[in-house]
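> fold the stuff below for me.
(2 chains)
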Amino acid sequence: MKIKDIQDEIVDEFSMFDDWMQRYEYIIELGKNLPLIKEEFKVDENLIKGCQSKVWLQGEQNDDKIIFTADSDAILTKGIIAILIRVFSNQTPKDIIDADMSFIDEIGLKEHLSPTRANGLVSMIKNIKMYALAFNVKN
Amino acid sequence: MLDIQKIRADFPILNQKVNGKPLVYFDNGATSQKPQVVIDAISKYYQEINANIHRGVHTLSQLATDAYEIARGKVQNHINAKHAHEVLFTSGTTFGINLVANGFAAILKPGDEVVVSHLEHHSNIVPWQMLCEKTGANLKVIPMNENGELIMAEYDKLLSDKTKIVAVNHISNALGTINPIKYMIDKAHVVGAAILIDGAQSVPHLKPDVQALDCDFYAFSGHKMCGPTGTGILYGKEVWLNKLPPYQGGGEMIKEVTFEKTTYAELPHKFEAGTPHIEGGIVLGTAIDYMNEVGFENIQQQELELLAYATQKLSEIEGLRIYGNSKNKTSVISFNIEGIHPYDIGSIIDKLGIAVRTGHHCAQPIMNFFGIPGTIRASFSFYNTKEEIDALVEAVKKAQMMLS
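Okay, the predicted model is just below:
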């Protein structure tokens, strides 16, 4: 699936919710269902800066795609990174670099996009795009 | 007894909704809200007397200078300093501590010792570490116990003729513990060490008497005691302020400047280089007047009632642990819920209109002591109510339900 199609799918899912509580409950569920990251990747080098909770993000190349795995010690943060992984994992570096992020606004998480938010959503996106840039250069 | 509704009417910001819910402001440890008299005094200054101070011969400059010096006098009375020139205007507690730490670089020798405590805010750790790096002095740390209290027997052991300065907070920002500073000041003086008290968290709750305490330095911020941000005070004993070199060079702090040599101004101007936060200093005086009108006995009574009520109500939540259980503590409750990250709780109760602080509270050594990433900190002020605590308890329960 293309990035844009996945984003539309997520926007669709979130449109069913009437209020923030339902949205948060869904994010918590996504966090709980995020597949485990390999223990060897939960190292300080993979920590994303700018988060009040710990977030580990690891990107690996698989043919021409990047596979992302992640974890966090806070469940809301874990849910948010689960959404990002669903959008960006198994995509090509070029598609990741070019991806538009306005769907975050559409699913009611705009407030999390502020660079001063302690959850580090902006840093997560930046790190994902950095992986893509690095793999793009390598290829 | 305080008429809380009357008091709350003094604080326009409290009367609003956040995320559709009535605001419950429990982040007073970070900064307090401002009463209308303080807000009005800020605009009155700019509307009526704004001018640079200590310089002009014109009327406005004189009015502004007088107002600024009157404010200094108010602070002097408030903390019972012997002289007005022992009261330095700063930008906040951090600046005051850095001023002293920087000054001690001229005094310390390799092998000398600086004593801080495990309960300190980073701003009362890092400047001393920097000082030790610069001078070859060693940093010693007073340990704490499980209740979040400093262990005085260990403090006694740390002190020696090598100790040159002790830096400790009056009240811990992360846990609310009130430290036995009178004892600590006297003990430091026995070995001939100076002592600085970080009063950032105490001045919103009590009136320090620097002469009775006999501390050498007492630093605090204006914004935590109903004053404007960017204001603060460093009290220093005259003898120490004369001994320390100036912190910043510039206008205002000089007596005479030639390219060969500059002589410094008298106290307090020696430490007040440049144009200060004039309006802030003046309005800090207004804030102090306001707090004295409310009355510190009333403030303490209301806050202790809130603390007792919140401690009891929060303790009823299953899996909730309070960090900092000293009998001597102020209206701060730092807590966690088993198995849940403080960030998650903070994010959800924010949606319910409740403002608390989550994280390490700039006191990572304390978090490391307890082996936790951070806590949720609810810090109460005299304008808070029991109904607001009920709202906090309900919100925490709701967050717990959503998250487990």
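
> what's the end-to-end length of stretch B:335-349?
End-to-end distance for stretch B:335-349: 14 Å, by CA to CA, to the nearest Å.

> which single residue in chain B comes nearest to chain A?
Nearest residue of chain B to chain A (CB to the nearest CB) works out as B:H341 at 3.7 Å. The C-beta positions use only the backbone N, C-alpha and C, and glycine is treated the same way.

> can you give me the pLDDT of that residue?
Model confidence at B:H341, given as pLDDT, is 95.

> pretty sure it contacts A:K78?
No - using CB atoms under 8 Å, B:H341 is not in contact with A:K78; the gap is 9.3 Å.

> which one of those two has more residues nearby?
Between B:H341 and A:K78, B:H341 has the larger neighbour count (other CB atoms under 10 Å in any protein chain shown), namely 26 against 23.

> contact partners for the more buried one?
Applying CB atoms under 8 Å, 6 or more residues apart in numbering or on different chains to B:H341 gives the contacts A:S53, A:D73, A:A74, A:I75, A:T77, B:P373.

> hmm, 6 Å instead?
A:S53, A:D73, A:A74 (CB atoms under 6 Å, 6 or more residues apart in numbering or on different chains).

> any regions of chain A where pLDDT drops low?
Flagging of chain A using pLDDT under 70 yields the residue ranges A:50, A:112-119.

> how about the residues of it near chain B?
Residues of chain A lying near chain B by CB under 6 Å from any CB of the partner chain: A:W20, A:E25, A:Q52, A:S53, A:D73, A:A74, A:I75, A:L76.

> in strands, which of the residues you listed appear?
Counting by DSSP state E, no part of the residues of chain A next to chain B is found in strands.

> farthest pair in those residues?
Within those, A:W20 and A:D73 form the most distant pair, 22.5 Å apart (CB to CB).

> confirm for me that B:Y45 is in contact with B:E279.
Yes - between B:Y45 and B:E279 there is a contact at 4.4 Å, judged by CB atoms under 6 Å.

> may I have the phi/psi pair for B:R377?
The phi/psi pair for B:R377 (degrees, to the nearest 10) reads phi -120, psi 120.

> what is the burial count for it?
27.

> per-residue pLDDT of the closest residue to B:F26 other than its chain neighbours, please?
Spatial nearest neighbour of B:F26, excluding adjacent residues (CB to CB, 6 or more residues apart in numbering or on different chains): B:A378 at 4.2 Å. B:A378 is assigned a pLDDT of 98 by the prediction.

> confirm that B:A378 sits in a helix.
No - counting by DSSP: H, G, I helix; E, B strand; the rest coil, one finds B:A378 to be strand, located in no helix.

> across the sheet, point out what pairs with it.
For B:A378, the beta-bridge partners under DSSP bridges are B:I333.

> thought it was touching B:V356?
Yes - B:A378 is within contact range of B:V356, at 5.0 Å (criterion: CB under 6 Å).

> so how many other residues sit close to whatever residue of chain A ends up closest to chain B?
Nearest residue of chain A to chain B (CB to the nearest CB) works out as A:A74 at 3.7 Å. Other residues near A:A74 come to 27 when the count uses other CB under 10 Å.

> then B:K140?
By other CB under 10 Å, neighbour count at B:K140 equals 20.

> which residues touch whatever helix or strand it lives in?
For B:K140, the host element (DSSP states H and E) is strand B:138-142. Strand B:138-142 is contacted from outside by B:E113, B:V114, B:V115, B:V116, B:S117, B:H118, B:W128, B:C132, B:L150, B:Y155, B:L158, using CB under 6 Å, 6+ apart.

> can you rerun that using 10 Å?
Outside strand B:138-142, the residues that touch it by CB atoms under 10 Å, 6 or more residues apart in numbering or on different chains are B:108, B:110-120, B:125, B:128-129, B:131-133, B:150-152, B:154-160, B:162-163, B:166-168, B:179, B:184, B:365.

> buried sites along stretch B:198-216?
Neighbour-count burial for stretch B:198-216 flags B:198-208, B:210, B:213, B:215-216 (criterion: 16 or more other CB atoms under 10 Å in any protein chain shown).

> give me the subset of the residues you listed lying in helices.
B:V210, B:L213 (DSSP state H).

> out of the buried residues of stretch B:198-216, which is nearest to B:V18?
Nearest to B:V18 among these is B:P204, at 22.0 Å by CB to CB.

> residue contacts, residue 33?
Assuming you mean chain A. Contacts of A:N33 (CB under 10 Å, 6+ apart): A:K78, A:G79, A:A82.

> try chain B instead
Listed by CB under 10 Å, 6+ apart, the contact set of B:Q33 reads B:R8, B:D10, B:F11, B:P12, B:I13, B:L14, B:L23, B:Y25, B:D27, B:C226, B:S381, B:Y383.

> is it possible to get a markdown table of the residues you listed that adds secondary structure?
Compiled in a markdown table, those are given as follows (three-state DSSP):
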| residue | secondary structure |
| --- | --- |
| B:R8 | helix |
| B:D10 | coil |
| B:F11 | coil |
| B:P12 | helix |
| B:I13 | helix |
| B:L14 | helix |
| B:L23 | coil |
| B:Y25 | strand |
| B:D27 | strand |
| B:C226 | coil |
| B:S381 | coil |
| B:Y383 | coil |
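
> sorry, back to before: out of the residues of chain A next to chain B, which are buried?
A:W20, A:Q52, A:S53, A:A74, A:I75, A:L76.

> restricted to helices, list those residues.
Here DSSP H is the test, and these give A:W20, A:I75, A:L76 as lying in helices.

> re the thing from before, what do B:H341 and A:K78 both touch?
Common contacts of B:H341 and A:K78, defined by CB under 10 Å, 6+ apart, comprise A:S53, A:S72.

> circling back to that earlier point, distance check, the residue of chain B closest to chain A against B:G353.
21 Å (CB to CB, to the nearest Å).

> repeat that for A:I81.
27 Å.

> ok, now B:D27?
Counting by CB to CB, the separation of B:D27 from B:G353 is 13 Å.

> before we move on, back to that, and the following helix or strand past the strand holding B:K140, what does it pack against?
Counting by DSSP H and E, the next helix or strand C-terminal to strand B:138-142 is helix B:152-158. Applying 3 or more CB pairs under 10 Å, 6 or more residues apart in numbering or on different chains; DSSP states H and E, we find helix B:152-158 packed against strand B:113-117, strand B:138-142, strand B:163-169, helix B:181-190.

> go with 7 Å
With contacts defined as 3 or more CB pairs under 7 Å, 6 or more residues apart in numbering or on different chains; DSSP states H and E, helix B:152-158 has these neighbours: strand B:138-142, helix B:181-190.

> now stretch B:170-187: mean pLDDT?
98.

> can you tell me if that stretch touches chain A.
No - against chain A, stretch B:170-187 shows no contacts by CB under 7 Å from any CB of the partner chain, the least distance being 14.8 Å.

> from start to finish, how long is that stretch in a straight line?
15 Å.

> try stretch B:321-336
So stretch B:321-336: terminal residues 6 Å apart, CA to CA.

> what sits against the residue nearest to the spatial centre of chain B?
Centroid check for chain B by CA atoms, centre = their mean gives B:A200 as the closest residue, at 0.9 Å. Going by CB atoms under 7 Å, 6 or more residues apart in numbering or on different chains, B:A200 touches B:T93, B:N173, B:F220, B:S221, B:K224.

> quick one: the strands in the stretch 1-150 of chain B?
Assigned by DSSP state E, counting those that start in this stretch, the strands in the stretch 1-150 of chain B fall at B:17-18, B:21-22, B:24-25, B:87-90, B:113-117, B:138-142.

> redo those strands as TSV? Include mean pLDDT.
TSV is the format used below for the strands of the stretch 1-150 of chain B (pLDDT from 0 to 100):
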stretch	mean pLDDT
strand B:17-18	92
strand B:21-22	94
strand B:24-25	98
strand B:87-90	98
strand B:113-117	98
strand B:138-142	98
